[in-house]
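*Asks:* using only what follows, build the 3D model:
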Amino acid sequence: MNSPQLCRIAAVQMISGPDVDANLAEADRLIGEAAAQGARLVALPEYFPLMSPDETAKIRIRERDGEGPLQAFLKDAARRHKVWLVGGSIPLAAEAPDKVRNSTLVFDDTGRRVARYDKVHLFGFESGRERYDEAATIEAGNEVVCFEGPCGEVGLSICYDLRFPELFRAMGDVSLIVLPAAFTHTTGRAHWQVLLRARAIENQCYVLASAQGGTHPHGRKTWGESIIIDPWGEVLASLPEGPGVVVADVDPARIAGVRASLPALRHRKIK
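*Replies:* Down below sits the predicted model:
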């Protein structure tokens, strides 16, 4: 009988700006770096193709589902680098003409699309002069999405979703949660790692978070700290800020061991 196989995963960290072509070139470089380190599944950060001070800029580059240069890039990169690619998030067409869906697309290592997740929870924050209101330009999704990947069942989420544990419970028995993000520096410093570790601990699975991390050309500062966490809540690898790649292995035996020694998922009373 074969023992469970390790599966290497990678989080890509970027500091995206307003130049889409430059961002795609940087994403491609970092995907290649992750592939060279043996990663089979690679996740890009939220808004990897565009970070702009103009919140309406993403509306101008939004694409119809199934067509457009951003989707072509993801398909081609997955195929060329021979990785399962979780495409951070890109703006797709919404029902409202003045909004987008903030969408994660997943392509397998042949370039076949296997999943789409639209961000469910839209970020709102106001403190002094720092203010964000994603609902002004983004239309929320309403579905929980998982897919079967090279590392087992994978649940998809984006950034602000992290604060809503009921979404992750609804994923069921997953081996890995992936969360692309562009956390603000203010909220990231306070809550990023503790929330990610909590999601890993309570769902007894691996968590892979790929982030925007640094000071962007327009002056916005994102928290970064792209990270991989195991089912016991231990940090396996992280990158505080700046462009780069974080790599670690998903070990099915580790998941099984944690769940056997502390069968909290089986002990749930409220479902």
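
*Asks:* now do the strands in the stretch 151-271 of the chain.
*Replies:* Ranges of strands in the stretch 151-271 of the chain, per DSSP state E, counting those that start in this stretch, are 152-156, 176-181, 206-211, 213-215, 221-223, 226-229, 235-239, 244-250.

*Asks:* could I get these as CSV with distance to Thr187, mean pLDDT and mean neighbour count?
*Replies:* Backbone N, C-alpha and C define where each C-beta goes, glycine included. Shown next, in CSV, are the strands of the stretch 151-271 of the chain (distance: least, C-beta to C-beta, whole Å; pLDDT from 0 to 100; neighbours: other C-beta atoms under 10 Å):
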stretch, distance to Thr187, mean pLDDT, mean neighbour count
strand 152-156, 21, 98, 23
strand 176-181, 10, 98, 28
strand 206-211, 12, 99, 30
strand 213-215, 14, 98, 20
strand 221-223, 7, 97, 22
strand 226-229, 15, 98, 26
strand 235-239, 17, 98, 18
strand 244-250, 20, 98, 21
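
*Asks:* Pro91 belongs to a strand?
*Replies:* Yes. Assessed with DSSP: H, G, I helix; E, B strand; the rest coil, Pro91 lies in a strand.

*Asks:* now do the contacts for the residue nearest to the spatial centre of the chain.
*Replies:* For the chain, the residue nearest the mean C-alpha position is Pro180 (2.1 Å; C-alpha atoms, centre = their mean). Residues in contact with Pro180 (C-beta atoms under 8 Å, 6 or more residues apart in numbering) are 43-46, 48, 86, 88-89, 104, 158-159, 209-211.

*Asks:* now do the helices in the stretch 1-150 of the chain.
*Replies:* Taking DSSP state H, counting those that start in this stretch as the criterion, the stretch 1-150 of the chain carries its helices at 20-36, 57-60, 69-81.

*Asks:* list the buried residues for the second one?
*Replies:* Yep, that's helix 57-60 we're talking about. Residues Lys58, Ile59 are the ones in helix 57-60 that count as buried (16 or more other C-beta atoms under 10 Å).

*Asks:* pull the residues that contact it.
*Replies:* Pro18, Tyr47, Leu50, Ser52, Pro91, Asp98, Lys99, Val100, Thr137.

*Asks:* kindly supply the PyMOL command isolating those of the residues you listed that are buried.
*Replies:* Selecting the buried subset of the contacts of helix 57-60 in PyMOL, with 16+ other C-beta under 10 Å as the burial test, is done by:
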select buried, resi 47+50+52+91+99+100+137
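
*Asks:* can you redo the contacts of helix 57-60 as a markdown table with pLDDT and distance to Arg80?
*Replies:* Formatted as a markdown table, the contacts of helix 57-60 follow (pLDDT from 0 to 100; distance: C-beta to C-beta, whole Å):
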| residue | pLDDT | distance to Arg80 |
| --- | --- | --- |
| Pro18 | 97 | 26 |
| Tyr47 | 98 | 22 |
| Leu50 | 98 | 22 |
| Ser52 | 95 | 27 |
| Pro91 | 98 | 23 |
| Asp98 | 95 | 35 |
| Lys99 | 97 | 32 |
| Val100 | 98 | 27 |
| Thr137 | 96 | 32 |
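
*Asks:* wait, which of the contacts of helix 57-60 is closest to Thr187?
*Replies:* Using C-beta to C-beta, Tyr47 is the member of these that lies nearest Thr187, at 15.7 Å.

*Asks:* got a list of what the closest one touches?
*Replies:* Counting by C-beta under 8 Å, 6+ apart, Tyr47 touches Ser16, Lys58, Gly88, Ser89, Ala182, Gln212.

*Asks:* how about those, which pair is most distant?
*Replies:* The widest separation within the contacts of Tyr47 (C-beta to C-beta) is 13.8 Å, between Lys58 and Gln212.

*Asks:* and the contacts of the helix or strand of the chain with the lowest mean pLDDT?
*Replies:* Using mean pLDDT, DSSP states H and E, strand 130-133 stands out as the lowest-scoring helix or strand of the chain, at a mean of 85. Under the criterion C-beta under 8 Å, 6+ apart, residues Phe123, Gly124, Phe125, Glu126, Thr184, Thr186 lie in contact with strand 130-133.
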